[in-house]
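**Q** Coordinates for the following, if possible.
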Amino acid sequence: MRMSTPFEGRPDDYGILTMSQEEIDTAVEDAIANGFRIGIHANGDVTIDMVLKAYEKALAGWEGPNPRLRLEHYSLVNPDLLERIKKTGSIRKAAPKCRPNEAIDLLQNHSELGGNLIASQPKN
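**A** Predicted coordinates:
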């Protein structure tokens, strides 16, 4: 989890990253090229942005069937990230107990992105 703002009460703590952008890009490209479905655990706006960059890069020249890219346990999203998630067709697998109330409200009330995004989660 990496965020653009620090944890409350910990002004120098923005979370951690376990992979660089280059490592994420390479892993996504390799997985898609070899027919694997991808699900990346991504919490925090910075981490989700990095995953979406890798997905967008991989999809730029994609001509095959939808690779059904996934974001696992995503939290602390913003309207820009939600729009990018929608554009990539990524499947969102949220963990509601892990999300703060503000993110839940954002997902439930973002009508310009298609209405209640929590209710529209795939049931699989």
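
**Q** Only C-alpha atoms from now on, for both contacts and neighbour counts.
**A** Will do.

**Q** What segments of this structure are helices?
**A** Counting by DSSP state H, the segments of the chain that form helices are 21-33, 45-59, 79-88, 101-108.

**Q** Just the buried positions in the second one, please.
**A** Taking 16 or more other CA atoms under 10 Å as the basis for neighbour counts, the residues of helix 45-59 that come out buried are 45-56, 58-59.

**Q** Same question for the first one.
**A** Using 16+ other CA under 10 Å as the burial criterion, the residues of helix 21-33 that qualify are 24-25, 28-29, 32.

**Q** out of the helices of the chain, nearest to residue 13?
**A** Comparing the helices of the chain against residue 13 with CA to CA, the closest turns out to be helix 45-59 (13.2 Å).

**Q** Now do the closest one: distance to the chain's middle.
**A** The chain centre lies 7 Å from the centre of helix 45-59; the measure is CA atoms, centre = their mean, to the nearest Å.

**Q** would CSV of the helices of the chain with distance to residue 8 be doable?
**A** CSV is the format used below for the helices of the chain (distance: least, CA to CA, whole Å):
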stretch, distance to residue 8
helix 21-33, 26
helix 45-59, 15
helix 79-88, 21
helix 101-108, 14
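
**Q** can you put these in TSV and add mean pLDDT and distance to residue 72?
**A** Supplementary listing: these in TSV, determined by pLDDT from 0 to 100; distance: least, CA to CA, whole Å:
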stretch	mean pLDDT	distance to residue 72
helix 21-33	94	14
helix 45-59	95	10
helix 79-88	91	12
helix 101-108	54	15
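
**Q** wait, residue 77 sits on residue 47?
**A** No. Shown here, residue 77 and residue 47 do not form a contact pair, counting by CA atoms under 8 Å, at 9.9 Å.

**Q** quick one: residue 86 from residue 22, how far?
**A** Distance from residue 86 to residue 22, counting by CA to CA, to the nearest Å: 23 Å.

**Q** Please read the previous query as pertaining to residue 13.
**A** When CA to CA is the yardstick, residue 13 and residue 22 sit 23 Å from each other.

**Q** ok so, going back, tabulate the buried residues of helix 45-59 (TSV), appending distance to residue 37.
**A** Rendered in TSV, the data for these read as follows (distance: CA to CA, whole Å):
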residue	distance to residue 37
45	23
46	22
47	19
48	18
49	19
50	18
51	14
52	15
53	17
54	14
55	12
56	15
58	13
59	13
